[in-house]
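Visitor: Make a model of this:
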Amino acid sequence: MYDFPEDLRDAQLALHRTRAAYEQYAAGLPWSAEPMPGWEGEKQPYTSFRSGKADSPGYTAEQAADVARYQAELLRLSTQVATHAYWATLDQGVVDARMVLKRAHETAGEAV
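Guide: Numbering: from 1, shown residues only. Have a look, this model is predicted:
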């Protein structure tokens, strides 16, 4: 349907992989980048559930640097994909083409 240039496909795949790696990394981080006290919400009616968070020690300098590196790479890759010259070659259906590109690695059998 669409003949995406290889560099565009590669950038989109790198964006997927970087996003997945960042989300996995961020899942192990404290809930707040800065040290913050925890809190406990009020008991909810008809249940014993109480929302809340434990104290957050904040990010270490290394964790903050890793997050900044991931965010910079995600910005670089998303900009590369969004501003690629290929999009200017389409007369219509750009949104549909971008949606197809997001899944193009699945049809090529490449793992994210």
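
Visitor: Apart from its neighbours in sequence, what residue is nearest the spatially most central residue of the chain?
Guide: Closest residue to the average C-alpha location of the chain: Arg19 at 3.7 Å, with C-alpha atoms, centre = their mean. Ranked by C-beta to C-beta, 6 or more residues apart in numbering and with sequence neighbours excluded, the top spatial neighbour of Arg19 is Leu74, at 6.4 Å. Heads up, the C-betas are built off the backbone N, CA and C, glycines and all.

Visitor: Please work out how many residues are found near that neighbour.
Guide: Leu74 is flanked by 16 other residues according to other C-beta atoms under 10 Å.

Visitor: do Pro37 as well
Guide: Residues near Pro37, counting by other C-beta under 10 Å: 9.

Visitor: I'd like the distance between it and Val67.
Guide: To Val67, Pro37 is 21 Å away according to C-beta to C-beta, to the nearest Å.

Visitor: Pro57 reaches Trp31, doesn't it?
Guide: No - look at Pro57 against Trp31 with C-beta atoms under 8 Å: they stay out of range, at 10.1 Å.

Visitor: so how far is Phe4 from the residue nearest to the centre of the chain?
Guide: From Arg19 across to Phe4, the span is 19 Å (C-beta to C-beta).

Visitor: cool, and Leu101?
Guide: Leu101 is 6 Å from Phe4, by C-beta to C-beta.

Visitor: Looking at these two, which has the bigger crowd around it?
Guide: Neighbour count, other C-beta under 10 Å: between Leu101 and Phe4, Leu101 has more, with 20 against 16.

Visitor: thinking the more buried one is in contact with Tyr2, fair?
Guide: Yes - with contact defined as C-beta under 8 Å, Leu101 counts as touching Tyr2 (7.3 Å).

Visitor: about what we covered before: which of the helices or strands spans the residue nearest to the centre of the chain?
Guide: Using DSSP states H and E, Arg19 sits in helix 6-27.

Visitor: Perfect, I'm done here.
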